[in-house]
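Trainee: predicted model, plus sequence, below.
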Amino acid sequence: MSKSCAATRVSDHNAWLPTEFRIVARRNELADVFTLELAGPEPFRFAPGQFNMLYVPGFGEAAISISSDSDRPERFQHTIRVVGNVTRRLQKFSSGDRLFLRGPFGTGWPIDRCPSRDVVIACGGLGLAPLRPVIYYLLHRRSQFGAIHLLYGARTPRDLLYAEEFAVWQSQGIEVRVTIDRGDESWRGAIGVVTQLMKPLRWRPESTMVLTCGPEVMMRFVAQEALAQQVRPDHVFLSMERNMNCAVGWCGHCQLGPSFVCKDGPVYTYAQIEPFLYVEDL
Ligand SMILES: Cc1cc2nc3c(=O)[nH]c(=O)nc-3n(C[C@H](O)[C@H](O)[C@H](O)COP(=O)(O)OP(=O)(O)OC[C@H]3O[C@@H](n4cnc5c(N)ncnc54)[C@H](O)[C@@H]3O)c2cc1C
């Protein structure tokens, strides 16, 4: 792996100790997705791409990415899809309630180490949540990077996350392209998979990094297309998801090949993860 572009690693401070945070805002994003904004006694510092373990006493913990601006640590956000025990309970929380969390955990996206490059962000569905901090980071430092592309896919127009921010990002220097699987009568945009949005880009493969998050099959195709465009395998970054428990590499729940997603990931280079990406049910 190139040293200049390795994924960020942050120490596990207070790894076992849940800390109480106040919910200062709550917002419905999609039919089954909502965002909680939290504040604590001190600023909460994290790297884009890291996650927290949100803890509801009596219900359990869930790994949830931090989806807000890392340059504004006084408040931070989690965007959550309702799927099971903990997230169903979290859905009932509103402004003024308190919740516990451990974190931040995991490797972040390596953006701080790769100035002057072009950046291609290719994501699907809720995969935009852990990449939104990257977008804010790049926008705050826009002049330090080359072309920045956000390629985003969702099932239908109603499944587009943070859609109201797209025009703002575009006006601030990010090329935003969106595609969906199934249109409706009002949809005038692209229909198809995210990789179709990759092909027409003007690639400078030697100085491009690709960041991808979403369904694993989508990330595999994104990585293959990036490689077909001659991007180096250690400049393609994927955020992996596995069922998680301790978040500090002890319990083994999130083992992926020889690594643990909680502490060695969730962000890996394609060069690191490629041998395990194609093993069924790993
Ligand atoms: C690093 C990381 C970041 C994540 N970020 C987010 C995020 O930003 N927003 C968000 O909504 N979700 C995120 N997730 C997924 C979230 O952690 C799971 O959906 C979590 O299990 C929800 O907890 P629950 O108790 O509500 O559901 P559970 O009752 O735990 O699970 C419901 C079902 O999903 C299955 N499942 C649980 N976790 C996973 C998993 N990781 N992969 C595949 N199947 C699983 C369970 O086996 C069960 O069938 C992230 C996961 C990881 C590992």
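Mentor: Now that the structure is in, tell me what you want to look at. Numbering: from 1, shown residues only.

Trainee: ranges for the helices of the chain?
Mentor: Assigned by DSSP state H, the helices in the chain fall at 85-90, 132-140, 166-171, 194-198, 216-228, 261-264, 270-277.

Trainee: now do stretch 34-43: everything it contacts.
Mentor: Residues outside stretch 34-43 that contact it (Cβ atoms under 8 Å, 6 or more residues apart in numbering) are 19-29, 44, 67-68, 73-80, 82, 90-91, 93, 99, 101. For every residue, glycine as well, the C-beta is placed using N, CA and C.

Trainee: circling back: as a markdown table, the helices of the chain with distance to residue 239, mean pLDDT and mean neighbour count would be great.
Mentor: What follows is those, written out as a markdown table (distance: least, Cβ to Cβ, whole Å; pLDDT from 0 to 100; neighbours: other Cβ atoms under 10 Å):
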| stretch | distance to residue 239 | mean pLDDT | mean neighbour count |
| --- | --- | --- | --- |
| helix 85-90 | 18 | 97 | 17 |
| helix 132-140 | 10 | 97 | 21 |
| helix 166-171 | 19 | 98 | 13 |
| helix 194-198 | 14 | 96 | 21 |
| helix 216-228 | 8 | 97 | 19 |
| helix 261-264 | 9 | 92 | 24 |
| helix 270-277 | 10 | 90 | 18 |
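
Trainee: give me the distance from stretch 175-183 to the chain's centre.
Mentor: Here stretch 175-183 is found 18 Å from its chain centre; the criterion is Cα atoms, centre = their mean, to the nearest Å.

Trainee: how about it as CSV, C-alpha atoms only?
Mentor: Coordinates of each C-alpha in stretch 175-183 appear next as CSV, following Å, rounded to 0.1, in the frame of the first residue of the first chain:
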residue,chain,number,x,y,z
GLU,A,175,-19.8,17.6,-10.1
VAL,A,176,-22.9,15.9,-8.8
ARG,A,177,-24.4,13.1,-11.0
VAL,A,178,-27.3,11.0,-9.9
THR,A,179,-28.9,7.9,-11.3
ILE,A,180,-31.7,5.7,-10.1
ASP,A,181,-32.9,2.1,-10.8
ARG,A,182,-36.5,3.0,-11.5
GLY,A,183,-37.8,6.4,-12.5
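
Trainee: buried stuff in it?
Mentor: Residues of stretch 175-183 classed as buried: 176, 177, 178, 179, 180 (neighbour count, 16 or more other Cβ atoms under 10 Å).

Trainee: distance-wise, check the first one relative to the ligand.
Mentor: By that I understand residue 176. Taking Cβ to the nearest ligand atom, to the nearest Å as the measure, residue 176 and the ligand are separated by 20 Å.
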